[in-house]
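K.L.:
Take this sequence and fold it.
(chains A and B)
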Amino acid sequence: AQSVTQLDSHVSVSEGTPVLLRCNYSSSYSPSLFWYVQHPNKGLQLLLKYTSAATLVKGINGFEAEFKKSETSFHLTKPSAHMSDAAEYFCVVRPMNTGFQKLVFGTGTRLLVSP
Amino acid sequence: ETGVTQSPTHLIKTRGQQVTLRCSSQSGHNTVSWYQQALGQGPQFIFQYYREEENGRGNFPPRFSGLQFPNYSSELNVNALELDDSALYLCASSPSRNYEQYFGPGTRLTVT
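P.N.:
Here you go, the predicted structure:
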């Protein structure tokens, strides 16, 4: 079964410092991978997606992620955190062996940004 | 362009009751998926509807059922509510079965 593991439940950074949210995936197939963000009392917003094109994927709000097959990782980074980045982040895999789009979510990483 | 909307935003029910949650998909989208997000957890896939038929299902019992209407809006019905059904229920629509999903804000269900 395809799954993702988010290695940190909480990450704390100071405003202006880099952000690193870690995600490892497990997949027997070439996976489609995503990062979603969830702000309090709001729905999930897609940050970026990897679908077997370029391994370095750029998303919205300055976020990017690198697909590393040898390490089965898809870590999310941002050079400089902003207060508005404080939210819950989910790493997501879409199994490719089904006839429908079922997204499998990690358990989430809460990003805390201090002034 | 209107995004995905869900109603109601909050709901309180008693154990054993039945509940219906509603979702209006984004314009032009014919596929709707439902997810359950328990507190502190990632969303779990319940099922997907494509052109008014159930197209795939996660590991949820039959008391979780759904409908999709000709305008592609959708309902999630849960019978015989249990305390563990308390969660945020998210609806997502997409242009077709294997395309990117766009999520609504969710319905917060509390079962007492």
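
K.L.:
Look up the closest residue to the residue nearest the centre of chain A, ignoring the ones flanking it.
P.N.:
The residue lying closest to the centre of chain A (C-alpha atoms, centre = their mean) is A:W35, at 3.2 Å. Sequence neighbours aside, A:L47 is the residue nearest to A:W35 in space, at 4.4 Å (criterion: C-beta to C-beta, 6 or more residues apart in numbering or on different chains). In this view, the C-beta of every residue, glycine as well, is placed from N, C-alpha and C.

K.L.:
count of neighbours near the one you found?
P.N.:
For A:L47, the neighbour count with other C-beta atoms under 10 Å in any protein chain shown is 22.

K.L.:
Return the distance of it relative to A:S70.
P.N.:
From A:L47 over to A:S70 the distance is 23 Å, taken as C-beta to C-beta, to the nearest Å.

K.L.:
How about A:Q45?
P.N.:
In terms of C-beta to C-beta, A:Q45 sits 30 Å off from A:S70.

K.L.:
These two: who's more crowded?
P.N.:
Taking other C-beta under 10 Å, A:Q45 and A:S70 do not tie; A:Q45 has more neighbours (15 against 5).

K.L.:
Quick check on the more buried one: phi, psi?
P.N.:
Main-chain dihedrals, A:Q45, degrees, to the nearest 10: phi -120, psi 130.

K.L.:
Which secondary structure element of chain B has the lowest mean pLDDT?
P.N.:
The weakest-scoring helix or strand in chain B, judged by mean pLDDT, DSSP states H and E, is strand B:53-57 (a mean of 90).

K.L.:
So which elements touch it?
P.N.:
For strand B:53-57, the packing partners by 3 or more C-beta pairs under 8 Å, 6 or more residues apart in numbering or on different chains; DSSP states H and E come out as strand B:44-50.

K.L.:
And the pLDDT at the nearest residue to B:G56 once chain neighbours are set aside?
P.N.:
Using C-beta to C-beta, 6+ apart and skipping the chain neighbours, the partner closest in space to B:G56 is A:F100 (3.3 Å). pLDDT for A:F100: 71.

K.L.:
Helix or strand: which one has A:F100?
P.N.:
Using DSSP states H and E, A:F100 sits within no helix or strand.

K.L.:
For residue 22, which non-adjacent residue is spatially closest?
P.N.:
You didn't say which chain, so I picked chain A. The shortest distance from A:R22 to any non-neighbouring residue, by C-beta to C-beta, 6+ apart, is to A:L7 (4.1 Å).

K.L.:
try again with chain B
P.N.:
Counting by C-beta to C-beta, 6+ apart, the residue nearest B:R22 is B:S7, at 4.9 Å.

K.L.:
and the gap between the one you found and A:Y89?
P.N.:
27 Å.

K.L.:
The residue nearest to B:G56 - how many residues pack around it?
P.N.:
When neighbours are counted by other C-beta under 10 Å, A:F100 registers 18.

K.L.:
do A:S52 as well
P.N.:
By other C-beta under 10 Å, the residues close to A:S52 number 11.

K.L.:
separation between it and B:A80?
P.N.:
Distance from A:S52 to B:A80, by C-beta to C-beta: 43 Å.

K.L.:
what are the ranges of the strands in the chain?
P.N.:
By default, I'm working from chain A. For chain A, strands defined by DSSP state E occupy the ranges A:3-6, A:10-14, A:19-21, A:23-26, A:32-38, A:44-50, A:56-58, A:64-68, A:73-78, A:87-94, A:104-105, A:109-114.

K.L.:
looking at chain B here, not the other one
P.N.:
B:5-7, B:10-13, B:19-24, B:31-37, B:44-50, B:53-57, B:64-68, B:74-78, B:87-94, B:102-103, B:107-111.

K.L.:
This completes my enquiry, with thanks.
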